[in-house]
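Participant: Show me how the following folds:
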Amino acid sequence: MNEKDIKHNILIDISMYNSEGDFVPSAYQRMIMSMIEEHLDDLRIGEKELMERYGISWVLLSSSIKILKKFSPSDSIVGLTWHSGGRIPSFRRDFCFTDQNGDMLAVGATISTLFDNSTRKLCLDRKKLSVINLQPETIALESMDRKITHESELIYIESRKVRPSMTDGVGHVNNVKYADYVYDAMTDEERSRLGDLCGMDIWFNYELREGDKFSIFKSVPSKSVLCFSGIKDGEIRSSFDLRLKFDLE
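Facilitator: Next up is the predicted model:
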């Protein structure tokens, strides 16, 4: 089966956009991940099957989306996703979203790896990694930064604590929640720009688990870019980084 033959209807609900009708950052992450999870289930390499058969889970390392046309709550969105390469133990997966007219809304890519649930470390077992036997196809997103670059001073915004509702079945903060942390940390003026959002990148460096305390920092390299980092108490390296790009022309 060609992966691009599998089409996914993307469900939109009211929690994905604000009172101005603009999609919040976590909406894009929710669309990406729900589509990929459904797709991997179709291929029999989804989260549940891998956990039950091999004791491993998918872990997202980074996610990037380039928004070509503004998403609307009234759109009937269709998504496609496919394996596009990567060097084991990392796997790249590209994707695209179109509207009801077939117009391209966005393209993007994720980088994931496999996590050994017993050791809570990256899975390096070649036998287990070999179950992901997919042929790479074309790349939709031309460039994808491996890490964030803070080009201006990091400013402290607020401190948070990981609550039980923020974690998932793997026992750490679900990747969608990080975009919500950033949305909460944005100012009213920054949130008012979401209708002009043209790109979002997230990098995950190490997991946050229930009870962990962390702080959100922000840098503003330009009017069209906002960068956020979450740093766990007692750590120097960020747990996650998120960059928002706006088309202000």
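Participant: So what are the sheet partners of the worst-scoring helix or strand of the chain on mean pLDDT and their directions?
Facilitator: One helix or strand of the chain scores below all others by mean pLDDT, DSSP states H and E: strand 121-122, with a mean of 86. Counting by DSSP bridges, the strands paired with strand 121-122 are strand 104-116 (antiparallel).
Participant: For the residue nearest the centre of the chain, list each beta-bridge partner.
Facilitator: Nearest to the geometric centre of the chain sits residue 63, at 4.2 Å (Cα atoms, centre = their mean). Beta bridges link residue 63 to residue 110, residue 202, judged by DSSP bridges.
Participant: That one and residue 8: what is the separation?
Facilitator: 16 Å (Cβ to Cβ, to the nearest Å). The C-beta positions use only the backbone N, C-alpha and C, and glycine is treated the same way.
Participant: mind giving me the domain ranges of the chain?
Facilitator: Here the domain parsing of the chain from automatic domain parsing is 3-129, 155-246.
Participant: Minimum distance to residue 144: which of the ones you listed has it?
Facilitator: domain 3-129 (5.1 Å; Cβ to Cβ).
Participant: End to end on the closest one, go ahead and measure it.
Facilitator: For domain 3-129, the first and last residues are 19 Å from each other (Cα to Cα, to the nearest Å).
Participant: Over to stretch 115-125?
Facilitator: 10 Å.
Participant: low-scoring stretches of the chain, by residue?
Facilitator: By pLDDT under 70, the weakly predicted segments of the chain are 1.
Participant: Report the outermost residue of it with respect to its centre.
Facilitator: Max radial position in the chain (Cα atoms, centre = their mean) goes to residue 127, at 27.2 Å.
Participant: What strand or helix carries that one?
Facilitator: Counting by DSSP states H and E, the element that carries residue 127 is helix 126-129.
Participant: next SSE after that helix?
Facilitator: Following helix 126-129 toward the C-terminus (DSSP H and E): strand 155-161.
Participant: What is the distance between that following strand and the centre of its chain?
Facilitator: 21 Å (Cα atoms, centre = their mean, to the nearest Å).
Participant: Report the buried residues of it.
Facilitator: By neighbour count with 16 or more other Cβ atoms under 10 Å, strand 155-161 contains the buried residues 157, 160.
Participant: give me the number of residues near residue 174?
Facilitator: 17 (other Cβ atoms under 10 Å).
Participant: Go ahead and confirm it touches residue 167.
Facilitator: Yes. Here residue 174 reaches residue 167: they are 6.8 Å apart, a contact under Cβ atoms under 8 Å.
Participant: Quick one: the helices in the protein, in order.
Facilitator: Using DSSP state H, the helices of the chain run over 25-42, 47-54, 126-129, 175-185, 188-191.
Participant: With distance to residue 107 as new columns, can those be given to me in TSV?
Facilitator: Listed next are the helices of the chain as TSV, based on distance: least, Cβ to Cβ, whole Å:
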stretch	distance to residue 107
helix 25-42	11
helix 47-54	24
helix 126-129	27
helix 175-185	18
helix 188-191	24
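Participant: Can you tell me which of those helices is nearest to residue 203?
Facilitator: Taking the helices of the chain one by one with Cβ to Cβ, helix 175-185 is closest: 9.7 Å.
Participant: Run through the neighbouring helices and strands of the closest one.
Facilitator: When contacts are defined as 3 or more Cβ pairs under 8 Å, 6 or more residues apart in numbering; DSSP states H and E, helix 175-185 packs onto helix 25-42, strand 155-161, strand 197-204, strand 213-222, strand 225-232, strand 240-246.
Participant: Alright, calling it a day.
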